[in-house]
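A.B. asks: here are the coordinates; sequence isn't available:
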């Protein structure tokens, strides 16, 4: 499924998520085993397909919705789903539109959705299955407990990948402080970051489908994903070749758009950053500009950070600079310079100490100084 369809599907899932009145009405229909065909949309193109039935024109409520679904025809709702417009109507989409469905109700639903790009919901009376259609999208809703189980499994996978990303990022930080970073180290972090973001997208889809029942999972996911995007953008800003005519967020999008097979090849990520390497990425030493570490150590205006990097060139020079040299950066001043100098020193001591501690079999503390 392409990115546009993923976003459309999420929008559709929000409309029918648990906690909404429409979902409550759908649950009533499932319990009553009457089945139903619902169109959420009243565009001119859509209404041209409507024939027969009768006009309702009342505000939506689950009970009214359920009672009207006892009739055989389709129910037409307004585009925002807040009003019931027509009931017991017949829909006549173009019969030449290709459909993979076999039942009359589902074939009609799929054709209407493809012809008008409108959200159409088909509820099977015999199988207790709810299928939503929009454009080329077809998606079968599942019970909340089933979705919750899948969401928890996906969240556990996300936590596992996040732990791996934290370890890689810690290793990158230590190597940056020692100025021994290789292209392999950078590509590995960006690869894992992309995998984490892809897994988050899957978890978010489940959370959206859970609606009001997914609030706790959403809080857990938000906590896990804190700073991941900004860190990856700063890493790209630190290492992307200067002659690339693209912003860090554009390069990040290119990495995220790699296929699963391409993402497994670190060379693909290196090429996006502007490196054409034939040999091993482990043999290519590169030097960080210092954007990520300076941003993490001291909250400074972006303009000052850029001035700092422009003046001193890279992280090694920034770490070795004294307070006087730092204060000469445009916009820095002596107070900021002293604070940055002290925090960089503590930051370096913290990471290098814990790296040594870890190498001796210790555990990396989670809380930073």
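C.D. replies: Now that the structure is in, tell me what you want to look at. Remember, predicted model here, so these are calculated numbers, not experimental data.
A.B. asks: Can you report phi and psi for residue 77?
C.D. replies: phi -100, psi 160 (degrees, to the nearest 10).
A.B. asks: That one is in contact with residue 60, isn't it?
C.D. replies: Yes: counting by Cβ atoms under 8 Å, residue 77 touches residue 60, with 6.6 Å between them. Glycine gets a C-beta too; all of them are placed from N, C-alpha and C.
A.B. asks: who does the longest helix along the chain touch, helix- and strand-wise?
C.D. replies: With secondary structure taken from DSSP state H, the chain has its longest helix at helix 144-178. Using 3 or more Cβ pairs under 8 Å, 6 or more residues apart in numbering; DSSP states H and E as the contact test, the elements touching helix 144-178 are helix 183-210, helix 215-224, helix 228-239, helix 291-297, helix 333-359.
A.B. asks: Could you check which of residue 77 and residue 60 has the larger neighbour count?
C.D. replies: Per other Cβ atoms under 10 Å, whichever of residue 77 and residue 60 has more neighbours is residue 77, with 24 against 19.
A.B. asks: Tell me the spatial nearest neighbour of that one, not counting adjacent residues.
C.D. replies: residue 40 (4.9 Å; Cβ to Cβ, 6 or more residues apart in numbering).
A.B. asks: What pLDDT is listed against that neighbour?
C.D. replies: Residue 40 carries a pLDDT value of 96.
A.B. asks: Show the contacting residues for it.
C.D. replies: 15, 22, 77-79, 81, 118-121 (Cβ atoms under 8 Å, 6 or more residues apart in numbering).
A.B. asks: circling back: spit out the residues that contact residue 77 and residue 60 alike.
C.D. replies: Contacts common to residue 77 and residue 60, judged by Cβ under 8 Å, 6+ apart, are 22, 83-84.
A.B. asks: Put together TSV for those residues, with pLDDT on each row.
C.D. replies: Formatted as TSV, those follow (pLDDT from 0 to 100):
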residue	pLDDT
22	95
83	95
84	96
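A.B. asks: Next step: those restricted to helices.
C.D. replies: residue 22.
A.B. asks: Dump the shared contacts of residue 77 and residue 60 to JSON lines, plus neighbour count and distance to residue 54.
C.D. replies: Converted to JSON lines, these look like this (neighbours: other Cβ atoms under 10 Å; distance: Cβ to Cβ, whole Å):
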{"residue": "22", "neighbour count": "19", "distance to residue 54": "21"}
{"residue": "83", "neighbour count": "15", "distance to residue 54": "15"}
{"residue": "84", "neighbour count": "22", "distance to residue 54": "11"}
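A.B. asks: Same list (the shared contacts of residue 77 and residue 60) but as TSV, adding distance to residue 237.
C.D. replies: Shown next, in TSV, are these (distance: Cβ to Cβ, whole Å):
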residue	distance to residue 237
22	44
83	49
84	52
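A.B. asks: Out of the shared contacts of residue 77 and residue 60, flag the one nearest to residue 131.
C.D. replies: Nearest to residue 131 among the shared contacts of residue 77 and residue 60 is residue 22, at 14.7 Å by Cβ to Cβ.
A.B. asks: list the contacts for the closest one?
C.D. replies: 15-16, 40, 60, 62, 65, 77, 81.
A.B. asks: Below-threshold pLDDT in the protein: ranges please.
C.D. replies: When residues are selected by pLDDT under 70, those of the chain lie in 1-2, 357, 360-369.
A.B. asks: Select the longest strand from it.
C.D. replies: strand 83-91 (DSSP state E).
A.B. asks: and the angle from the next helix or strand along the chain from that one to strand 83-91?
C.D. replies: For strand 83-91, the following helix or strand on the C-terminal side (DSSP states H and E) is helix 104-116. Orientation of helix 104-116 against strand 83-91 (axes from the mean of the first three to the mean of the last three Cα atoms, to 10 degrees) gives an angle of 110 degrees.
A.B. asks: Tell me the buried residues in helix 104-116?
C.D. replies: Going by neighbour count (16 or more other Cβ atoms under 10 Å), the buried part of helix 104-116 is 105-116.
A.B. asks: Export the helices and strands packed on helix 144-178 as TSV, with columns for distance to residue 308.
C.D. replies: TSV is the format used below for those (distance: least, Cβ to Cβ, whole Å):
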stretch	distance to residue 308
helix 183-210	21
helix 215-224	31
helix 228-239	13
helix 291-297	7
helix 333-359	8
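A.B. asks: Need the ones you listed in CSV (columns: distance to residue 268 and mean neighbour count).
C.D. replies: Converted to CSV, those look like this (distance: least, Cβ to Cβ, whole Å; neighbours: other Cβ atoms under 10 Å):
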stretch, distance to residue 268, mean neighbour count
helix 183-210, 9, 21
helix 215-224, 26, 14
helix 228-239, 14, 21
helix 291-297, 22, 21
helix 333-359, 29, 15
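A.B. asks: Select, out of the ones you listed, the one closest to residue 55.
C.D. replies: Closest among those, once you apply Cβ to Cβ, is helix 183-210, at 32.5 Å.
A.B. asks: how far is that closest one from where the chain is centred?
C.D. replies: Chain-centre distance of helix 183-210: 8 Å, with Cα atoms, centre = their mean, to the nearest Å.
A.B. asks: elements contacting it?
C.D. replies: By 3+ Cβ pairs under 8 Å, 6+ apart, helix 183-210 packs against helix 3-15, helix 144-178, helix 215-224, helix 228-239, helix 248-256, helix 260-263, helix 266-272.
A.B. asks: wait, which of the ones you listed is closest to residue 291?
C.D. replies: helix 228-239 (4.6 Å).
A.B. asks: what packs against the closest one?
C.D. replies: Against helix 228-239 (3+ Cβ pairs under 8 Å, 6+ apart) you get helix 144-178, helix 183-210, helix 248-256, helix 291-297.
A.B. asks: Figure out which of these is closest to residue 310.
C.D. replies: Per Cβ to Cβ, nearest to residue 310 of the helices and strands packed on helix 228-239: helix 291-297, 11.5 Å.
A.B. asks: Sounds good, over and out.
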